[in-house]
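*Asks:* Sequence first, predicted coordinates after that:
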Protein chains: 2
Amino acid sequence: MNLRELAAHLGLSQTTVSRALNGYPDVAEATRRQVMDAARQFNYRPNPAARRLATGRAGTVAILFPVERNLLVDPHFFELLAGLADMIARTEMELSLRATPPDQELDNYRRLVNAGRVDGFVLSSPTLQDPRIPELAALGAPFVVHGRTEVALPYAYLDIDNEDAFARATALLLDLGHVDIALLNGDPALGFAVDRERGFRAALAERGLAPFEGRVRNAPMTEETGYRSARALLERPERPTAILASSVLLALGVYRAARDLGLAIGRDVSVIAHDDALPYLKAETFDPPLATTLSPIRHAGYRLGEMLIDRIAGVDPQNLQEILTCDLVFRASVAPLRGEDGPRRGPTSAASRSRTKDDPRSSDRRPAR
Amino acid sequence: MNLRELAAHLGLSQTTVSRALNGYPDVAEATRRQVMDAARQFNYRPNPAARRLATGRAGTVAILFPVERNLLVDPHFFELLAGLADMIARTEMELSLRATPPDQELDNYRRLVNAGRVDGFVLSSPTLQDPRIPELAALGAPFVVHGRTEVALPYAYLDIDNEDAFARATALLLDLGHVDIALLNGDPALGFAVDRERGFRAALAERGLAPFEGRVRNAPMTEETGYRSARALLERPERPTAILASSVLLALGVYRAARDLGLAIGRDVSVIAHDDALPYLKAETFDPPLATTLSPIRHAGYRLGEMLIDRIAGVDPQNLQEILTCDLVFRASVAPLRGEDGPRRGPTSAASRSRTKDDPRSSDRRPAR
DNA sequence: TTGCGCTTCCAAAGCGCTTTGGGAAAGGCC
DNA sequence: GGCCTTTCCCAAAGCGCTTTGGAAGCGCAA
């Protein structure tokens, strides 16, 4: 069933049917209802190719990613994509996934925009001075960024409050008596790492403290680097008593290092990690359960989709800037600093651990400030 | 620059230019060359929407995935996608990523085909009696399957030789003196798990052996289940001396369990895992390095893209059925069964470990049969 | 010379939609 | 009643491509 047939069946012109369907004003309400009903009845769906050709709009949003292996070290990307795809599927739009050789990335953006093949983009993993932002802004193409940068242009973004999350996590550890806290962070070229370190330092500074020597480490966020960094930190006698990790995968490495060294997570070293809620690596199933700053990345993908649709519809980027607050989920990987008089369990760990099983997000939250 | 302008510039009709560009026969070679040159010079690219409208072909291949969280437990999916996107990007086609509510999955396939919005599909994670296969076959839509099923229809697929890989891995362990070998496998509703178990049992049977009681375990392939299964197996005195794991993530759990129990991987328990070459979880960086049956899943995605393009072009599905052989990469997580006379390192482990760092794929391969 | 078959090209008709530029009918105002 | 809006609808012109159905030109055989 196409528009012509539908119009013929209704005894109306294609124009009127088209306008009725697309919400134009100059159609009588009664007519519009008729048209809508008929469209539903015949399960009419406008041919997207025809629509594209006629409107010049592509009906497509795209996400480009470099084929280079290194940049795909990120298991978070797919979760973001899943949320985005979920949202886009609820619209008439399509989500196009495009691989690009890294050296042709900007070219590809340009080409896609100029050829009118894509209406908008999601930019993920932006660097602090991400060249894609000025490029797309100059092209006049709508886009939304997952994360913030230092680019001085108005652009739409969705980010989590990394600084606040890590400040709160740090403050919690300080409240529990920890002083020597380490930070295992990601590549500082990516904005979130900078923000997290800032939050970490700020919380320390608020109590007149600063990180001890060598306590801030930057590296790719893999299990392996988590292990190595933690091992390097923990095997010396003047070891930190708490570790903040930028990802659950890093924390996995920390757990392994601690076990190797005969240290008990919680009792001997407290750990808090940032949790993007990857479905195949759950902090609550760690042993002991891992305390986290939580912000499901899938939800971010979904929200980015909504924002991009708005952006394409013409909403000012200034009005499309959101910062999500992370939950701080307390679990047994965190305990008060042990006194000198021997092992002593933190008062909260046992209770929180059992509660965690049921609903980590509601019952286990605990404001740290 | 569009076709009309290009034709005008050349002093030819649109028809001729179009035919020249699309390789139709009734164009003089000299003319064709002229057209090609001009097209290159002006960087002419046909408008995909117009082409779609005119031809009825969508110029799009799609991959649908259920939004349900459970089915995205699979970090392999994105790697597959990356390879697929890489291949598709080299064509004029697009890759459309579509989320679908699980209960509307078949409907969505039907709708996309009938509306002519998609030219072909990649089916990933098929079940043994996957209903998508008869559905798409009935619709006459081209598709390729990642993996094999028990569906009795001719369809295009790419699979790895799971049975052979696990048979060879098992045989290697047997050659090294192991007898009590455990298999940590995935959900048996997915075909690869069945094949792997078959290979495992076949290799044992070849020596007149069978798995010991409780040695075959099926569960989702996460670190956590790897840990639990391994722990359950290893903490009893009559423990297996070797473990085959269906994924590197499972093996990570096995390593953790072994450490917890004071067992040394390699010396006390040998481990071989199947490795899909996820870039953020490298078997060669395990400690000790993890022996694997290797088959990069990204490459599978790439190849599936090529096959799908062929399938769309009309190649018979019977001629598009491929089974990739896995490499068996020997590393220090495997050692000969220790005799009763105390600890003794396997003769090969130290050497292979250092070699592994350089080129695990070439120098470390070792036929097991 | 005529007719036939090839090769090479072209005019024009869509593909299914949106959008421009009216136009007829109805209603409001003097 | 005449005129001007407003409301509601429509015919037709594209959007940029492919494809159908010739047609022109040429060589060659009859």
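*Replies:* Good, I have the coordinates.
*Asks:* and stretch A:211-224, is it in reach of chain B?
*Replies:* Yes - judged by C-beta under 8 Å from any C-beta of the partner chain, stretch A:211-224 and chain B are in contact via A:222, A:223, A:224. Backbone N, C-alpha and C define where each C-beta goes, glycine included.
*Asks:* Sort out for me which of those residues are in strands.
*Replies:* The members of these all map outside strands under DSSP state E.
*Asks:* With respect to chain B, which of those is nearest?
*Replies:* residue A:224 (4.5 Å; C-beta to the nearest C-beta).
*Asks:* Surely residue A:141 forms part of a strand?
*Replies:* No - going by DSSP: H, G, I helix; E, B strand; the rest coil, the assignment for residue A:141 is coil, not a strand.
*Asks:* element containing the closest residue to it other than its chain neighbours, please.
*Replies:* If the residues on either side of it in the chain are set aside, residue A:141 comes closest to residue A:113, at 4.4 Å by C-beta to C-beta, 6 or more residues apart in numbering or on different chains. Per DSSP states H and E, residue A:113 falls inside helix A:105-114.
*Asks:* need the residues of the stretch 1-150 of chain A near DNA strand C, please.
*Replies:* Within the stretch 1-150 of chain A, the positions near DNA strand C by C-beta under 7 Å from any atom of the strand are A:2-4, A:14-15, A:18-19, A:21-22, A:26, A:44-47, A:50-51, A:53-55.
*Asks:* Give me the buried entries from the residues you listed.
*Replies:* Buried residues within these, counting neighbours by 16 or more other C-beta atoms under 10 Å in any protein chain shown: A:3, A:18, A:19, A:21, A:44, A:46, A:47, A:51, A:53.
*Asks:* hang on, the earlier thing: now the residues of stretch A:211-224 next to chain B in CSV, please, with extra columns for pLDDT and neighbour count.
*Replies:* Converted to CSV, those look like this (pLDDT from 0 to 100; neighbours: other C-beta atoms under 10 Å in any protein chain shown):
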residue, pLDDT, neighbour count
A:222, 84, 21
A:223, 84, 26
A:224, 84, 21
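*Asks:* Residue A:331: which of those residues is nearest?
*Replies:* Closest approach to residue A:331 among these (C-beta to C-beta): residue A:223, at 19.2 Å.
*Asks:* if we can go back for a sec, identify the residues contacting the helix holding residue A:113?
*Replies:* If you take C-beta atoms under 8 Å, 6 or more residues apart in numbering or on different chains as the criterion, helix A:105-114 is touched by A:62, A:64, A:66, A:98, A:100, A:118, A:121, A:131-132, A:135-136, A:139-141.
*Asks:* Residue A:8: which of those is nearest?
*Replies:* Closest to residue A:8 out of those is residue A:118 (34.5 Å), distances taken as C-beta to C-beta.
*Asks:* quick one on the thing from earlier: if I look at the residue nearest to residue A:141, how far off is residue A:104?
*Replies:* As for residue A:113, its distance to residue A:104 is 14 Å (criterion: C-beta to C-beta, to the nearest Å).
*Asks:* Comparing those two, which residue is more hemmed in?
*Replies:* With neighbours defined as other C-beta atoms under 10 Å in any protein chain shown, residue A:113 and residue A:104 compare such that residue A:113 has more, 23 against 14.
*Asks:* per-residue confidence at that one?
*Replies:* According to the prediction, residue A:113 has pLDDT 90.
*Asks:* Please apply the same query to residue A:58.
*Replies:* pLDDT, residue A:58: 91.
*Asks:* Pretty sure it sits in a strand.
*Replies:* No - the assignment for residue A:58, made by three-state DSSP, is coil rather than a strand.
*Asks:* That one touches residue A:52, doesn't it?
*Replies:* Yes - judged on C-beta atoms under 8 Å, residue A:58 makes contact with residue A:52 at a distance of 5.9 Å.
*Asks:* between those two, what contacts are shared?
*Replies:* Overlap of the contact sets of residue A:58 and residue A:52 (by C-beta under 8 Å, 6+ apart) consists of residue B:49.
*Asks:* Pick out the residue nearest the middle of chain A.
*Replies:* Centroid-nearest residue in chain A, with C-alpha atoms, centre = their mean: residue A:297, separated by 3.7 Å.
*Asks:* With adjacent residues omitted, what lies nearest to it?
*Replies:* residue A:276 (4.0 Å).
*Asks:* Distance-wise, check that neighbour relative to DNA strand D.
*Replies:* For residue A:276, the distance to DNA strand D equals 42 Å [C-beta to the nearest atom of the strand, to the nearest Å].
*Asks:* Distance of that residue relative to residue A:193?
*Replies:* Counting by C-beta to C-beta, the separation of residue A:276 from residue A:193 is 14 Å.
*Asks:* Kindly report the same for residue A:248.
*Replies:* As judged by C-beta to C-beta, residue A:248 and residue A:193 stand 16 Å apart.
*Asks:* which residue does the stretch 151-300 of chain A bring closest to DNA strand C?
*Replies:* Nearest residue of the stretch 151-300 of chain A to DNA strand C: residue A:156, at 23.6 Å (C-beta to the nearest atom of the strand).
*Asks:* Please report phi then psi for the residue nearest to that residue when sequence neighbours are not counted.
*Replies:* Counting by C-beta to C-beta, 6+ apart, residue A:320 is the residue found nearest to residue A:156 once chain neighbours are left out, at 3.6 Å. In terms of degrees, to the nearest 10, the main-chain angles of residue A:320 are phi -120, psi 60.
*Asks:* what sits against residue A:320?
*Replies:* A:144, A:156, A:157, A:307, A:310, A:311.
*Asks:* Now for residue A:318, how many residues are close by?
*Replies:* Residue A:318 has 9 nearby residues by other C-beta under 10 Å.
*Asks:* so it makes contact with residue A:153?
*Replies:* No - contact criterion C-beta under 8 Å: residue A:318 and residue A:153 do not qualify, at 10.8 Å.
*Asks:* close to chain B, is stretch A:283-296?
*Replies:* Yes - shown here: stretch A:283-296 in contact with chain B (C-beta under 8 Å from any C-beta) through A:285, A:287.
*Asks:* Now for the residue of the stretch 151-300 of chain A found nearest DNA strand D, how many residues are close by?
*Replies:* Nearest residue of the stretch 151-300 of chain A to DNA strand D: residue A:156, at 28.3 Å (C-beta to the nearest atom of the strand). Residue A:156 is flanked by 23 other residues according to other C-beta under 10 Å.
*Asks:* one step back: contacting residues around whichever helix or strand comes after the helix holding residue A:113?
*Replies:* Downstream of helix A:105-114, the next assigned helix or strand under DSSP H and E is strand A:120-123. Contacts to strand A:120-123, defined as C-beta under 8 Å, 6+ apart, come from residues A:61-64, A:84, A:109, A:130, A:132-133, A:136, A:141-146, A:304-305, A:308-309, A:311-312.
*Asks:* What pairs with strand A:120-123, parallel or antiparallel?
*Replies:* The pairing partners recorded for strand A:120-123 under DSSP bridges are strand A:60-66 (parallel), strand A:143-146 (parallel).
*Asks:* Adding distance to residue A:286, write those strands out as CSV.
*Replies:* Listed next are the strands paired with strand A:120-123 as CSV, based on distance: least, C-beta to C-beta, whole Å:
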stretch, distance to residue A:286
strand A:60-66, 30
strand A:143-146, 26
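*Asks:* Go through those and find the least confident stretch.
*Replies:* strand A:60-66 (a mean of 93).
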